[in-house]
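Asks: structure for the following, please:
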Amino acid sequence: MASRSGVRKQPNQNVSGAKNFFRNPIKAFWVWYDQDFLKQTGLFRRLVMLILLFIGFGLIIVLSSSNVDSIKTSGNPFGGFQNQLLYVSIGLTGLIFLATRSVDLIDRFSRLIFLVSFVAQTALLLPGVGVEVNGNRNWLRIFGFTVQPSEFMKLGLVLVIAQILSQNRDRLWDFRSAGLPILLLGFGSAGWVVLVSKDLGTALVMAAIVLGMIFLAGMPWVHISKFLLVGLLGIGFAVAFTHNRLLRILAFFPTIFDPHQADWQAKHGIWALANGGPLGVGPGKSTLNWGWIPEIENDYIFANISEEWGMLGSLLVIVLFILLGWFLYKIAQNGNADFTSFATIGIMFWILIQAVINVGVVLDLLPVLGVPLPLISKGGSSIVAVLMALGIVLAFERVQPPAAVGLRRR
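Replies: All right, here's what the predicted structure looks like:
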């Protein structure tokens, strides 16, 4: 029996599994590893191993890049690392929980995920609730923690767009049926992030995700051109009417507008790449850690990687992202329903687009946009949201026939 979005009903809705998970997460993890993980496809296991590799490397980089700043703020050199480790633990918990849910359950709760994240984003407008940092009102303060709702909006948006595409798979030529709802929902959400948070970088990522999804879904170019036109007009207005964004764009073309002007972050990022050489200066020895670039452990973390691990380490990170994208693309191809394929493609675009923007900014190929490097940059909401998204992808692959049913731990 299929749902209205083409998702096959699963006989086991994992209700008892959810209860056991919250009662004893550690035991539930080992049960999942023994009874589920070892029975899955090779692609499922390879993706899990790659995720763990990203997380381990990311924690090492966060420790290296944040220790000086942590000493300045709290006197504890491990403060930033400990916070990131906490968020990684929360993200992995969410990943395991979602990876063991049924596809039908994820499909049914997609709109709720988007709605909750949209309401949370709107709550940033409330006095005393939203937290503003460096001109961006991006964070909610909850019980002493800060949460960035726009990161979870990306996940909700991907799932809802995947639903619309799957329900209108044979009517993509009809702009009113599929194109217009996606345009209003996708670009409307991106515009709302700009209006509420003044965060153009996140809005661009959201718009690019939508464009990537409709392109691979096969929407006619005549409709895609409408998306591009609306997107370019939106970017133009967002840049022209905000002084800070306009300065960032002008700083990207210093020889045109001011030969003596150069962007501080971009210049020091290039110096870090040059200082790293082929093999790097070694972990913890980056000159950028001493305050030469703001947000070195977040938006400019690739500069830290390039200086400490050299060109070889930088290329390895890029290869790992390409490999992650390939795994996600193969899972999308293997999907037994349009919803799972479209959602996986959206998550693939989300991660790869952010990686391209982050690396492009450090290499001075793009203006400074303030986008974190997925799975590596310091930031609680980013790592938790991405790990949740990857947990959903694992749930999609989990229903595929295993490569070796009899594979067991020896």
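Asks: any idea how many residues pack against the closest residue in space to residue 156 that isn't next to it in sequence?
Replies: With C-beta to C-beta, 6 or more residues apart in numbering as the criterion, residue 156 has its nearest non-adjacent residue at 3.0 Å, and that residue is residue 114. For every residue, glycine as well, the C-beta is placed using N, CA and C. When counting by other C-beta atoms under 10 Å, one arrives at 23 neighbours for residue 114.
Asks: quick check, residue 114 in contact with residue 161.
Replies: No - using C-beta atoms under 8 Å, residue 114 makes no contact with residue 161, being 9.3 Å away.
Asks: residue 61 versus residue 175, what's the distance?
Replies: Taking C-beta to C-beta, to the nearest Å as the measure, residue 175 falls 44 Å from residue 61.
Asks: who has more neighbours out of these two?
Replies: Each of residue 175 and residue 61 has its neighbours counted (other C-beta under 10 Å); residue 61 has more, 27 against 17.
Asks: ok, now how distant is that one from residue 285?
Replies: In terms of C-beta to C-beta, residue 61 sits 13 Å off from residue 285.
Asks: intersection of neighbour lists for these two?
Replies: residue 308 (C-beta atoms under 8 Å, 6 or more residues apart in numbering).
Asks: below-threshold pLDDT in the stretch 151-300 of the chain: ranges please.
Replies: 239-269, 289-295 (pLDDT under 70).
Asks: one more time with 90, if that's ok
Replies: 166-203, 214-300 (pLDDT under 90).
Asks: what about the helices in it?
Replies: 180-182, 188-197, 200-217, 221-240, 243-251, 254-257, 264-276 (DSSP state H, counting those that start in this stretch).
Asks: CSV for those, including mean neighbour count and distance to residue 327?
Replies: Putting these into CSV (neighbours: other C-beta atoms under 10 Å; distance: least, C-beta to C-beta, whole Å) gives the following:
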stretch, mean neighbour count, distance to residue 327
helix 180-182, 18, 26
helix 188-197, 20, 27
helix 200-217, 22, 16
helix 221-240, 14, 26
helix 243-251, 15, 34
helix 254-257, 11, 40
helix 264-276, 19, 28
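Asks: among the ones you listed, which is nearest residue 90?
Replies: helix 200-217 (20.5 Å; C-beta to C-beta).
Asks: with just CA atoms, put the closest one into CSV.
Replies: In CSV, the C-alpha atoms belonging to helix 200-217 read as follows (Å, rounded to 0.1, in the frame of the first residue of the first chain):
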residue,chain,number,x,y,z
LEU,A,200,21.9,36.3,3.2
GLY,A,201,24.3,33.3,3.2
THR,A,202,21.7,30.9,4.7
ALA,A,203,19.0,32.2,2.3
LEU,A,204,21.2,31.6,-0.7
VAL,A,205,21.8,28.1,0.4
MET,A,206,18.1,27.5,0.8
ALA,A,207,17.4,28.9,-2.7
ALA,A,208,20.2,26.9,-4.2
ILE,A,209,18.8,23.7,-2.6
VAL,A,210,15.4,24.4,-4.2
LEU,A,211,16.9,25.1,-7.6
GLY,A,212,19.0,21.9,-7.5
MET,A,213,16.0,19.8,-6.5
ILE,A,214,13.7,21.0,-9.2
PHE,A,215,16.5,20.7,-11.8
LEU,A,216,17.2,17.1,-11.0
ALA,A,217,13.4,16.4,-10.7
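Asks: for residue 204, see how far away the nearest residue to residue 200 once chain neighbours are set aside is.
Replies: Of all residues not flanking residue 200 in the chain, residue 238 sits nearest, at 5.4 Å (C-beta to C-beta, 6+ apart). From residue 238 across to residue 204, the span is 9 Å (C-beta to C-beta).
Asks: ditto for residue 393
Replies: In terms of C-beta to C-beta, residue 393 sits 23 Å off from residue 204.
Asks: likewise residue 338?
Replies: 27 Å.
Asks: got it, and residue 282?
Replies: 35 Å.
Asks: for stretch 82-94, buried residues please.
Replies: 83, 84, 87, 88, 91, 92, 93, 94 (16 or more other C-beta atoms under 10 Å).
Asks: try stretch 161-175
Replies: Buried residues in stretch 161-175 (16+ other C-beta under 10 Å): 161, 162, 163, 164, 165, 166, 167, 168, 169, 172, 175.
Asks: of all these, which two lie farthest apart?
Replies: The widest separation within the buried residues of stretch 161-175 (C-beta to C-beta) is 18.7 Å, between 162 and 175.
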